[in-house]
Every structure is written in C-alpha cells, then in structure tokens.
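Colleague: Mind looking at a prediction? Sequence and model below.
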Amino acid sequence: MKMKKRWLAVMLIMLAAAFVIPCGAEENDAAEGESVPVVYFTSDISPEGLVRVFEQLGWEPEGNVAVKISTGEPPASNYLRPELIGDLVKMLDGTIVECNTAYGGSRASSAMHKQVAEDHGFTAIADFDLLDEDGETEWPVTGGTRLEKAIVGSHAENYTDWLILSHFKGHAMAGFGGAIKNVGIGMSSPSGKIYVHTAGTSTSGSLWYDDQDAWLEALPEMVSGVRDHVGEDHIVYINVMNRLSVDCDCDGNPTEPDIHDIGILASRDPVALDQACVDLVYQAEGNENLVARIEALHGIHALEHAEEIGLGSRTYELTDIDE
C-alpha cells in the first residue's frame, strides 16, 4: 500500500510539473520566448538506471571528464555508493574529484581525505583527484551581488568537462543539498568554502555567518562562475534521491530518513534539477522533517536567487523515462 501511495505522489508531481510554473515565471518565460528546461526522471535507482537517465541528456564530453561527488564523512554518511555510480564513471572514463573540507573531520587534509576515498571504495572504480591538493585558483563571478570570484582547487583547470553527480538530501545550513551545493561548496577550496559561507566577506575563520539569505545567494553565484568558466555545454547535473535524510553527507552520523527513495533526476539546468527534487520532496509521504528543515533555513531562497541571476530556471518539464 505504501508503494502505491509513493507512485501516486510521483505521478502527481509529474503532472504538476508539466502545467504549474513557480513564482510567476510564466509571464517572464512567455515574454522572452525561452524554452523550458527538461528534467529527466527514473525511479530505477540502479547502475543501469543511472546510465539510462544520463544518456537522455545527449551530452558528449570533449576532453578530460571530472565527476564531482561527495566522498562522504565517516563513519556512516549517505554518500553515493561506488556500486551505484561505477558503471557511469567508467563509461565516461571520468576522474572522481573532490575538495578538502573547511570544518575539520576526516576529510580536512589531503592524506586523510585520500584514505576516506579509498575506504569508501571510490579509488577502486576510477582515478581520484583532490582539486585543492596543490593549492587554489580563482575564476571570476559576474552578475551577482555577493561574490566577485569562485575560489576552486587548482586542479580544476585540468578538466574540460564536468558531471556534477549529487546525492540530494537535507543540509544543516542550506536546508537542502543538491547540484548547486555540490558545486558551490564542493568545488570550493577550504578558503573558497569560507568565502561562499560568509557571502564573500572572508576567506578565513568561521563558516557560520549571521545573514542566512546572503550566504544562500552566494551559493548559486559561485556556481555561475564555474559554469561561465567551463562553458554551459561542458557541464551537466544528476541528482540521486535516495537515503533522504535531513542531514548532509558531511555528517558522519546522519538522521535516519523518513522518506522512501524516490529516483534519479538529470538535467543540463542545475536550478531546474534542484527545484524538481524539492518539489518531489514536498509531495512525498513522510516529508515533514525534511520540509521543516528546508523552510526553517529558507532553503528555497538559493533557487530564487539562482533564477534571478540567470543560472537557470525554476520552471521545468519533468520527463519520466520509465514510461
């Protein structure tokens, strides 16, 4: 019976996505004649399902492929398992990439982080590269209000094409984490992480900042800098909606999920992708705790600002590839 309810909720949100346009975007979209981005969906959370939903994007990388994941904080975080992502990473001949953390823990130094990557099985499926192991570099950010630059690991310059492969879940500071957070914080060097968390006011000291909306605005601004630098045709995004805890994969002991696994979503538009995942959470049975976290931290504001600066669209077409 629960499975039937889950499928009903998924089908309802798919119908809603085809006809409902959030936040008055319908007028802007019609006026500008812009096409609506497509978000592809499969309920098949398996290596085969992941490859199939990726193939819908029609993306053909031209050079060195970086697959940006979260390696997950030990001992028990909900990072995407190598068994799930391995076939796709190998198909792309991709290198798994990450950056060190700015808050301590088991991934704060390169030596410890490499050990975590090995312990979690990532080095068994692909080469692993810590982008900031040899320092950092700066890419310009334009069109925003908070950031002037994206501070990324220096090894980022070695890659021409990027797959942002994210585990969608809650987050203790942003409300939720998906594609935008995986780039905005995950590709930032430790000083770059502080720069984003403090809305461009500092590159050292504490991650905590007293203006919640300001730091949420900095998140998509950093992503826009990355997209502009690598080129929008050289970056695509996939979110896996499993193990939907209220806690991020940076938490080594996350709260057990209340929501059933939902599926895998893929898009060339990170804003549409994250918005679709949020919408699916709002339709899911047992969503009360995750919705409360998103709303308490004003998490949707990151998507509002992302749309305002032209990173992407909160209006989207959800296409079920299982049909």
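Modeller: The structure has been received and is ready for your questions.

Colleague: Settle this for me: Lys193 is touching Leu207, isn't it.
Modeller: Yes: applying CB atoms under 8 Å as the test, Lys193 and Leu207 come out as touching, 6.9 Å apart. To be clear about C-beta, it is placed using only N, CA and C from the backbone, and glycine gets the same treatment.

Colleague: Spell out which residues are contacts of both of those two.
Modeller: Residues touching both Lys193 and Leu207 (CB atoms under 8 Å, 6 or more residues apart in numbering): Ala102.

Colleague: for stretch 227-243, how far is the first residue from the last?
Modeller: Start and end residues of stretch 227-243 are separated by 28 Å (CA to CA, to the nearest Å).

Colleague: Of Lys193 and Leu207, give the one with the bigger neighbour count.
Modeller: Lys193 (24 against 17; other CB atoms under 10 Å).

Colleague: give the contact list for the more buried one.
Modeller: With CB under 8 Å, 6+ apart, Lys193 has these contacts: 99, 101-102, 185, 207.

Colleague: Tell me where the chain is predicted with low confidence.
Modeller: For the chain, applying pLDDT under 70 flags the ranges 1-34.

Colleague: mind listing the helices for it?
Modeller: For the chain, the helices defined by DSSP state H cover 2-19, 25-32, 47-55, 82-91, 110-119, 179-184, 190-197, 212-230, 270-283, 288-296, 300-308.

Colleague: Mean neighbour count, the ones you listed: which tops it?
Modeller: A comparison of those by mean neighbour count, using mean count of other CB atoms under 10 Å, puts helix 179-184 on top with a mean of 28.

Colleague: Can you show me the CA trace of that helix as PDB?
Modeller: This file holds the C-alpha atoms of helix 179-184, laid out as PDB (Å, rounded to 0.1, in the frame of the first residue of the first chain):
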ATOM      1  CA  ALA A 179      23.600  20.100  -7.600                       C
ATOM      2  CA  ILE A 180      24.100  23.800  -6.600                       C
ATOM      3  CA  LYS A 181      25.600  22.900  -3.200                       C
ATOM      4  CA  ASN A 182      27.800  20.200  -4.800                       C
ATOM      5  CA  VAL A 183      29.400  22.800  -6.900                       C
ATOM      6  CA  GLY A 184      29.100  25.900  -4.800                       C
END
